[in-house]
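Peer 1: 3D model of this:
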Amino acid sequence: MYRILLVRLTADQIEKAKAANGRRRGITHALLCGPYGQIFGTETQCRKFFEAWRPENRIEVRPGHFKSMFPNLFGDGAEKKSDISDYKTTHNLVTRLIEAQQRCEKG
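Peer 2: Numbers count the residues shown, from 1 in each chain. Sure, this is the predicted structure:
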């Protein structure tokens, strides 16, 4: 399992992310999802996914039964600084996470 990270970018990281994703994007944060990919955007954009996907948050899948969105992918979530080597937003990250979760459930 991996840790999902919400990262406040440094000025240098913001420049690298804007160079990789487009200068007009309001990039201040990143959401790092282990080997599945990452999203670069504003704090609001990144935080909405972080809050929905982190394992501490549970959704009701049927009356009285709750589980996290990706229980087999993420062991915990944290907000912290992090080194980043790839500054490109992952295309279709949500689809990649859903497919990885489905593979885990099938065994």
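Peer 1: tell me how far residue 2 lies from residue 40.
Peer 2: According to Cβ to Cβ, to the nearest Å, residue 2 stands 18 Å off from residue 40. For glycine as for every other residue, the C-beta is placed from the backbone atoms N, C-alpha and C.
Peer 1: compare those two (neighbour count), which wins?
Peer 2: When residue 2 and residue 40 are compared for neighbours, residue 40 comes out ahead with 28 against 14, by other Cβ atoms under 10 Å.
Peer 1: tell me the pLDDT at the more buried one?
Peer 2: On pLDDT, residue 40 comes in at 97.
Peer 1: show me which helix runs longest in this structure.
Peer 2: Counting by DSSP state H, the longest helix found in the chain is helix 93-106.
Peer 1: now do that one: everything it contacts.
Peer 2: Contacts to helix 93-106, defined as Cβ atoms under 8 Å, 6 or more residues apart in numbering, come from residues 33, 36, 37, 38, 39, 53, 70, 71, 72, 73, 90.
Peer 1: so which bits of that helix are buried?
Peer 2: Under the neighbour-count criterion of 16 or more other Cβ atoms under 10 Å, helix 93-106 has 93, 97, 100, 101 buried.
Peer 1: any idea how far the first one is from residue 73?
Peer 2: Using Cβ to Cβ, one gets 12 Å for the distance from residue 93 to residue 73.
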